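**Q** sequence and predicted structure are below.
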Amino acid sequence: MDVLVVGGHGKIALRLLGLLAARGDRARGLIRKPEQAAALEAVGAIPVLGDLEAAASLEAQVKGADAVVFAAGAGPGSGAARKATVDLGGAVKLTEAAQALGVRRYVMISSIGADRPEAASGSMLPYLEAKAEADRHLIASGLDYTVIRPGALTDDPGTGRVRLTTELGGRAPVSRDDVAAVLAEVLHTPSTIGVVAELFSGDVPVSEAVQALRPAQ
Ligand SMILES: NC(=O)c1ccc[n+]([C@@H]2O[C@H](COP(=O)([O-])OP(=O)(O)OC[C@H]3O[C@@H](n4cnc5c(N)ncnc54)[C@H](OP(=O)(O)O)[C@@H]3O)[C@@H](O)[C@H]2O)c1
């Protein structure tokens with residue numbers, strides 16, 4: 001499987017690219033800074049250059065992909081403008097490129113709270129509004145989507161055990177290792193198409209938790 005991970009040098013993305021490369025996928029990561037290429041190559045991934053904000057379209061980078069993953073983010077230090085151009089605009093550009101090229105599979109890293117952005121305050125409000133709108137746009141796109149909404153991310157070592165639930169409104173941490181493991185499994189599990197799920201640390205093995213996912217009725 002050829003997978004393009006957008007935001008390829010991100011902390012989750014690098015872990016995901018390594019897992020995909022190790023299982024034999026063609027793992028490509030989109031980066032905007034050429035100096036980050038070596039870090040991708042070190043985990044067996046192929047760097048692809050492109051800037052989500054500067055590029056008019058991502059079709060050149062998406063071409064050849066069987067699936068795309070949105071793992072980019074403007075980051076906590078950014079203002080509302082970059083949340084609009086990266087967290088929302090970048091995700092929408094990726095959706096449009098996938099639609100134009102007939103790439104059906106799209107896995108989104110969203111966030112807890114995106115089900116109720118209006119409940120947020122401070123810098124979380126524009127962030128969650130951007131994430132919620134990006135998710136809505138993807139869900140309406142007709143693509144084969146899975147939206148994964150992790151809780152607060154940590155750099156703790158992964159446990160390989162998680163809680164994945166389509167009941168929204170939870171709040172708990174999860175390690176980036178475990179998020180990456182879930183995303184790798186989701187990409188290879190077609191029954192997760194149409195699912196919007198929250199993800200926390202838990203006690204169910206990743207594979208079992210992903211295989212059990214079904215779209216909420
Ligand atoms: N932090 C949390 O607790 C939390 C909770 C739930 C969900 N999330 C979501 O999870 C996502 C992934 O987390 P993470 O920790 O892996 O993120 P991260 O390490 O901050 O990675 C984000 C990546 O996005 C890239 N990026 C930013 N602007 C770009 C642009 N214009 N074009 C191309 N790439 C661009 C960055 O590249 P540069 O190096 O070029 O800037 C960076 O590699 C976050 O972005 C967030 O939306 C976070």
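**A** Sure, I can see it. What you see is a predicted model; the values in this text were computed from it and never measured.
**Q** nearest residue to L16 in space, ignoring adjacent ones along the chain?
**A** Of all residues not flanking L16 in the chain, A180 sits nearest, at 4.2 Å (Cβ to Cβ, 6 or more residues apart in numbering). Any C-beta I mention is one placed from the backbone N, CA and C, and that applies to glycine too.
**Q** surely that neighbour touches L19?
**A** Yes. Here A180 reaches L19: they are 5.8 Å apart, a contact under Cβ atoms under 8 Å.
**Q** neighbour count for these two, which is higher?
**A** A direct count of neighbours by other Cβ atoms under 10 Å for A180 and L19 places A180 higher, at 25 against 20.
**Q** give me the pLDDT for that one.
**A** On pLDDT, A180 comes in at 99.
**Q** with V5 instead?
**A** pLDDT, read off for V5, is 98.
**Q** right, and the ligand sits closest to which residue of this structure?
**A** G73 (1.8 Å; Cβ to the nearest ligand atom).
**Q** check contacts around the residue nearest the centre of the chain.
**A** Nearest residue to the geometric centre of the chain (Cα atoms, centre = their mean): I109, 2.8 Å. Residues counted as contacts of I109 (Cβ atoms under 8 Å, 6 or more residues apart in numbering) are I12, V69, F70, A71, G73, I148, P150, V179, L183.
**Q** so in terms of bridging, what pairs with it?
**A** Per DSSP bridges, the residues bridged to I109 are I148.
**Q** and the residue of the chain closest to the ligand, what element?
**A** Taking DSSP states H and E as the definition, one finds G73 inside no helix or strand.
**Q** distance of it from L101?
**A** Remark: distance between G73 and L101 (Cβ to Cβ, to the nearest Å) = 24 Å.
**Q** so how far is the lowest-mean-pLDDT helix or strand in the chain from its chain's centroid?
**A** Between all helices and strands in the chain, the lowest mean by mean pLDDT, DSSP states H and E belongs to helix 80-82, at a mean of 95. Relative to the centre of its chain, helix 80-82 is centred 19 Å away, using Cα atoms, centre = their mean, to the nearest Å.
**Q** by contact count, what packs against the helix or strand just after it?
**A** Proceeding N to C from helix 80-82, the next assigned helix or strand is helix 89-101, under DSSP H and E. Other elements packing on helix 89-101 under the criterion 3 or more Cβ pairs under 8 Å, 6 or more residues apart in numbering; DSSP states H and E are helix 59-62, strand 67-70, strand 105-109, helix 124-139.
**Q** related to what we said a few turns ago, for the least confident helix or strand of the chain, packing partners?
**A** Against helix 80-82 (3+ Cβ pairs under 8 Å, 6+ apart) you get no helix or strand.
**Q** so that helix, near the ligand or not?
**A** No. Using Cβ under 6 Å from any ligand atom, helix 80-82 stays clear of the ligand, coming no nearer than 7.3 Å.
**Q** point out the residues in this protein that sit beside the ligand.
**A** Within reach of the ligand by Cβ under 6 Å from any ligand atom, the chain has these residues: 7, 9-13, 32-33, 51-53, 71-75, 86-87, 109, 111, 150, 152-153.
**Q** looking at this, L213 is in a strand?
**A** No. In this structure, L213 is coil, not part of a strand, as judged by DSSP: H, G, I helix; E, B strand; the rest coil.
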